[in-house]
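1. here is my input; please provide its structure:
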Amino acid sequence: MAKLDLLIAALDTGHWELGEGFKGLPDEDVWKRPHPRLLSIGELATHIAYWEDFGLTGGTSGSPFLEQYAKYYTSSVDSPLVLDIGAEALYQEVERIHQVVKASLAAVQPDGEDKNPHREGWSWHQAIEYAVFHVAYHTGQIYSVRHLLGHETVDN
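-> Numbering: from 1, shown residues only. Next up, the predicted model:
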């Protein structure tokens, strides 16, 4: 597990940046798409949370996002997802899932080279490394959506 600690710390940093992206986000813009071919902040956030949970625990968080979330872009773009949840509650659920995932990893104590049973053909190292990228990539998209909606965001 010690070999994975740096990756988990990087995942925490990605979630910190995600939190910065939610600062000052008005509820009325959470599920708004800036263009029909771009996903909303809510869709991106549920997608982040779903795949972190499913890819690293098999989906043990008990989150409603396991049932309703934005799948891959190609299967989501023509079917906008809108949930009855505002910015703060959405962010808190994403972070709750992140904490569940971290607790699960701490309990399992996987070795980085062991196979991750939740991602066929992937080691734990590969799965966590990808989760770090995945959070960062979609957090960048969230910032872009906010800018396209005319928001001023945290400058960091």
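
2. contacting residues for Val101?
-> Contacts for Val101 (CB atoms under 8 Å, 6 or more residues apart in numbering) come out as Glu52, Asp53, Leu56, Thr57, Ser61. C-betas here are computed from N, CA, C, even on glycine.

3. tell me the one of those nearest Glu152?
-> Glu152 lies nearest to Glu52 out of these, by CB to CB, at 27.9 Å.

4. can I get the helix or strand harbouring that closest one in CSV, CA atoms only?
-> Element membership for Glu52 (DSSP states H and E) is helix 41-57. The C-alpha coordinates for helix 41-57 follow below in CSV (Å, rounded to 0.1, in the frame of the first residue of the first chain):
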residue,chain,number,x,y,z
ILE,A,41,-21.1,20.5,-14.5
GLY,A,42,-23.5,18.1,-12.8
GLU,A,43,-23.1,15.5,-15.6
LEU,A,44,-19.3,15.8,-15.3
ALA,A,45,-19.3,15.5,-11.5
THR,A,46,-21.5,12.4,-11.4
HIS,A,47,-19.3,10.8,-14.1
ILE,A,48,-16.2,11.5,-12.0
ALA,A,49,-17.9,10.1,-8.8
TYR,A,50,-19.3,7.0,-10.5
TRP,A,51,-16.1,5.9,-12.1
GLU,A,52,-14.0,6.5,-9.0
ASP,A,53,-16.4,4.4,-6.9
PHE,A,54,-17.0,1.7,-9.5
GLY,A,55,-13.4,1.5,-10.7
LEU,A,56,-11.8,1.3,-7.2
THR,A,57,-14.5,-0.4,-5.1
